[in-house]
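**Q** Predicted model, plus sequence, below.
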Amino acid sequence: MTTAEALYMGCPVVALDEGTRTSVSILKGMGLPSYAADIEEYKDKAIKLASWIREGGFVTKAEIRQKFLTSPSSD
């Protein structure tokens with residue numbers, strides 16, 4: 001599954017920001033640059049995101065999908 005497919009289905013994504021990465025470009029285009037992480041912070045960001053989801057603090061799947069569909073990445 002690609003990042004675009006995951007976001008289209010409303011699944012949150014943390015992307016590794018190393019070199020040229022399409023996933024990072026997509027997240028930044030959606031206004032979610034904080035979900036791009038370098039190698040040192042990747043694990044912490046993924047754990048934090050999983051915790052937010054469990055606690056119900058993250059945006060809904062519909063909101064993630066809508067952000068993706070209205071971003072330049074979905075053109």
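**A** That came in fine, so what should we check first?

**Q** Could you find the closest non-adjacent residue to residue 18?
**A** residue 39 (6.5 Å; C-beta to C-beta, 6 or more residues apart in numbering). (Each C-beta comes from the backbone N, C-alpha and C, glycine too.)

**Q** distance of the one you found from residue 45?
**A** Distance, residue 39 to residue 45, by C-beta to C-beta, to the nearest Å: 11 Å.

**Q** Looking at those two, which has the bigger crowd around it?
**A** Remark: of residue 39 and residue 45, residue 45 carries more neighbours, 17 against 9, as counted by other C-beta atoms under 10 Å.

**Q** tell me the contacts of the nearest residue to the more buried one once chain neighbours are set aside?
**A** Closest residue to residue 45 apart from its sequence neighbours, by C-beta to C-beta, 6+ apart: residue 37 at 4.5 Å. Listed by C-beta atoms under 8 Å, 6 or more residues apart in numbering, the contact set of residue 37 reads 14-17, 44-46.

**Q** what would these look like in CSV with distance to residue 61, pLDDT and secondary structure?
**A** What follows is those, written out as CSV (distance: C-beta to C-beta, whole Å; pLDDT from 0 to 100; DSSP: H, G, I helix; E, B strand; the rest coil):
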residue, distance to residue 61, pLDDT, secondary structure
14, 16, 91, coil
15, 18, 91, strand
16, 23, 90, strand
17, 24, 88, coil
44, 23, 93, helix
45, 19, 89, helix
46, 18, 89, helix
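
**Q** Weed out the non-buried ones from these.
**A** Those of the contacts of residue 37 that meet the buried threshold are 14-15, 17, 45, by 16 or more other C-beta atoms under 10 Å.

**Q** so what's the backbone phi/psi at residue 12?
**A** Main-chain torsions, residue 12, degrees, to the nearest 10: phi -70, psi 150.

**Q** By average pLDDT, which secondary structure element in the chain comes out worst?
**A** Of the helices and strands making up the chain, the lowest-confidence element is helix 42-55, at a mean of 81, by mean pLDDT, DSSP states H and E.
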